[in-house]
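Undergrad: Here is my input; please provide its structure:
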Amino acid sequence: MAKMNNVFSFFEEVPVGAASIAQAHRAVLRKRNNEEIDVDNEEVIVKIQYPEVADFFRKDFNNIELATKLMFPDNLEIVK
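TA: Sure thing, here's the model as predicted:
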């Protein structure tokens, strides 16, 4: 996994907004020697997933599985 300062020459810690299940941050890409494309100083938006999202998804899918088991047991394999 690459370190942030190897990927970005600038990364704004304060998010510019929310983007679905993540926060959006302004950043500037750093040129990497092993890439053919020259992207030095390209401004980008980086989405960073909220830490609790994975747990929420897991709970949601568990609830969907339970509801399917109770109401539509023939479809349980599809949900799994």
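Undergrad: Now do the same contact list for the residue minimising distance to the centre of the chain.
TA: Centre of the chain computed as the mean C-alpha position; nearest residue by Cα atoms, centre = their mean is residue 49, 4.2 Å away. Counting by Cβ atoms under 8 Å, 6 or more residues apart in numbering, residue 49 touches 21, 22. For the C-beta atoms, the positions are set from N, CA and C on the backbone; glycine is no exception.
Undergrad: what's the answer for residue 24, then?
TA: Residue 24 sits next to 15, 16, 17, 18, 45, 46, 47 when contact means Cβ under 8 Å, 6+ apart.
Undergrad: how does it look with 10 Å?
TA: When contacts are counted by Cβ atoms under 10 Å, 6 or more residues apart in numbering, residue 24 is found next to 12, 15, 16, 17, 18, 45, 46, 47, 48.
Undergrad: ok, now how distant is it from residue 65?
TA: Between residue 24 and residue 65 the distance is 32 Å, computed by Cβ to Cβ, to the nearest Å.
Undergrad: ditto for residue 71
TA: Using Cβ to Cβ, residue 71 is found at 11 Å from residue 65.
Undergrad: about what we covered before: any idea what the residue nearest to the centre of the chain is bridged to?
TA: Per DSSP bridges, residues listed as beta-bridge partners of residue 49: residue 22.
Undergrad: Please enumerate residues in contact with whichever helix in the chain runs longest?
TA: The helix spanning the most residues in the chain, taking DSSP state H as the definition, is helix 53-71. Defining contact as Cβ under 10 Å, 6+ apart, one finds that helix 53-71 is touched by 20, 21, 22, 50, 74, 75, 76, 77, 78, 79, 80.
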